[in-house]
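>>> kindly return the folded structure for what I paste below:
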Amino acid sequence: MDYRVEELAARSGLRVDTVRFYQARGLLRAPRREGRAAIYDEDHLSRLRRIKDLQQQGFSLRQIRQVFERGSGDPGELLAALAEQRVGSRKLTRAELAAEADVPEVLIRAAKSAGLMTPLEVDGEERFSEADLEMARVGRLILGLGFPLHVILERSIAHARHIEETCDAAIDLFDAHVRKEGPTANDEQAIAAVFEQLLPQVTRLVALHFQRTLVSRALDRLDSQDETDALRAALAATEAQQLGVDVAWR
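Residues are numbered from 1 along each chain as shown. Here you go, the predicted model:
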């Protein structure tokens, strides 16, 4: 079946400029020409769906190009190598994750079903990262403080939905002001470098803002001066640990 670029984009769930960007980067072969019209086919659609699938698994465009450059052979070995880059030296099965985090495997399944954990899949096998392990351990500690599991999951799911909306908006900003405009526009390596520099700083900013907001609102509800002083001291100690400096409450 043949497609114009607008039809191809709609079928693949991508934007027209994204399709053209992939083509410019060599991830998608050029269409055939019929007069002034560019005509795409089912192979183009299949390639776009493959790109989208690999991106959802966490691979960068550079890594995806490596998969495609391998040719028509089985990409499993290369995907495993790329997974090493993404999740580090530790790649855990669900059972290993549950054992190391000391949580029931059913809790891992619940977190995955709720969208709180998204394992990487290589050859159909789930691979969890160090970040997933840390999340599971933190979840165990929170549950150990007496919070019911169903309440934690409900609040976590609601938080995840808000985070997804915020992240989508942030990606739109990045796309508009870094990927399409400015000195790094259309330079994939430069764009990747900016993202790698930006990600830890934004993550830190969001974490600190959440912490400050949480503590400020909690202070408004406290009646006891002892509780207030303890909470302020806890905040100062936590900020000092995160920032690597001595932080005094102001």
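
>>> any regions of the protein where pLDDT drops low?
57-58, 70-90, 121-124, 188, 222-228, 230-250 (pLDDT under 70).

>>> please, where are all the strands along it?
For the chain, the strands defined by DSSP state E occupy 32-34, 37-39, 120-122, 125-127.

>>> turn these into CSV, columns for mean neighbour count.
C-betas here are computed from N, CA, C, even on glycine. Below are the strands of the chain laid out as CSV (neighbours: other C-beta atoms under 10 Å):
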stretch, mean neighbour count
strand 32-34, 10
strand 37-39, 14
strand 120-122, 19
strand 125-127, 19
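
>>> nearest to Leu214, out of those?
When these are compared for distance to Leu214 using C-beta to C-beta, the nearest one is strand 120-122, at 30.8 Å.

>>> mind checking which of the strands of the chain is nearest Val206?
Comparing the strands of the chain by their distance to Val206 (C-beta to C-beta), the top pick is strand 120-122, with 23.2 Å.

>>> returning to what we had before: got CSV for the strands of the chain, with distance to Pro104 too?
Output for these, formatted as CSV (distance: least, C-beta to C-beta, whole Å):
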stretch, distance to Pro104
strand 32-34, 55
strand 37-39, 54
strand 120-122, 22
strand 125-127, 17
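
>>> dihedrals phi and psi, Pro119?
The phi/psi pair for Pro119 (degrees, to the nearest 10) reads phi -70, psi 150.

>>> my read: it touches Asp132, true?
Yes: look at Pro119 against Asp132 with C-beta atoms under 8 Å: they come within range, at 7.0 Å.

>>> sorry, back to before: Ala176: which of the strands of the chain is closest?
strand 37-39 (25.2 Å).

>>> what's that closest one packed up against?
Where contact means 3 or more C-beta pairs under 8 Å, 6 or more residues apart in numbering; DSSP states H and E, strand 37-39 is packed against strand 32-34.

>>> can you pull out the residues in contact with the strand it packs on?
For strand 32-34, the surrounding residues in contact (C-beta atoms under 8 Å, 6 or more residues apart in numbering) are Ala38, Ile39, Asp41.

>>> let me know the closest of those residues to Asp168.
Ala38 (29.3 Å).

>>> beta partners of that closest one?
Beta-bridge pairing for Ala38 (DSSP bridges): Arg33.

>>> domain ranges for the protein, per the record?
16-82, 187-250 (automatic domain parsing).

>>> determine how far the helix ranked longest in the chain lies from the middle of the whole chain.
If you go by DSSP state H, the chain has its longest helix at helix 188-221. Relative to the centre of its chain, helix 188-221 is centred 14 Å away, using C-alpha atoms, centre = their mean, to the nearest Å.

>>> quick one on the thing from earlier: how about a markdown table for the contacts of strand 32-34, with distance to Ile191 added?
Output for these, formatted as a markdown table (distance: C-beta to C-beta, whole Å):
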| residue | distance to Ile191 |
| --- | --- |
| Ala38 | 25 |
| Ile39 | 30 |
| Asp41 | 29 |
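
>>> next one: Val202 from Ala160, what distance?
Distance of Val202 to Ala160, computed by C-beta to C-beta, to the nearest Å: 17 Å.

>>> please apply the same query to Asn186.
Counting by C-beta to C-beta, the gap from Asn186 to Ala160 is 32 Å.

>>> ok, Glu6 to Leu14 distance?
From Glu6 across to Leu14, the span is 11 Å (C-beta to C-beta).

>>> with neighbour numbers in mind, choose between these two.
Higher neighbour count among Glu6 and Leu14: Leu14, with 17 against 10, using other C-beta atoms under 10 Å.

>>> leaving out the residues flanking it, which one is nearest to the more buried one?
Closest residue to Leu14 apart from its sequence neighbours, by C-beta to C-beta, 6 or more residues apart in numbering: Leu48 at 6.2 Å.

>>> looking at this protein, which residue ends up farthest from its center?
In terms of distance from the mean C-alpha position of the chain, Gly35 ranks first, at 41.9 Å (C-alpha atoms, centre = their mean).
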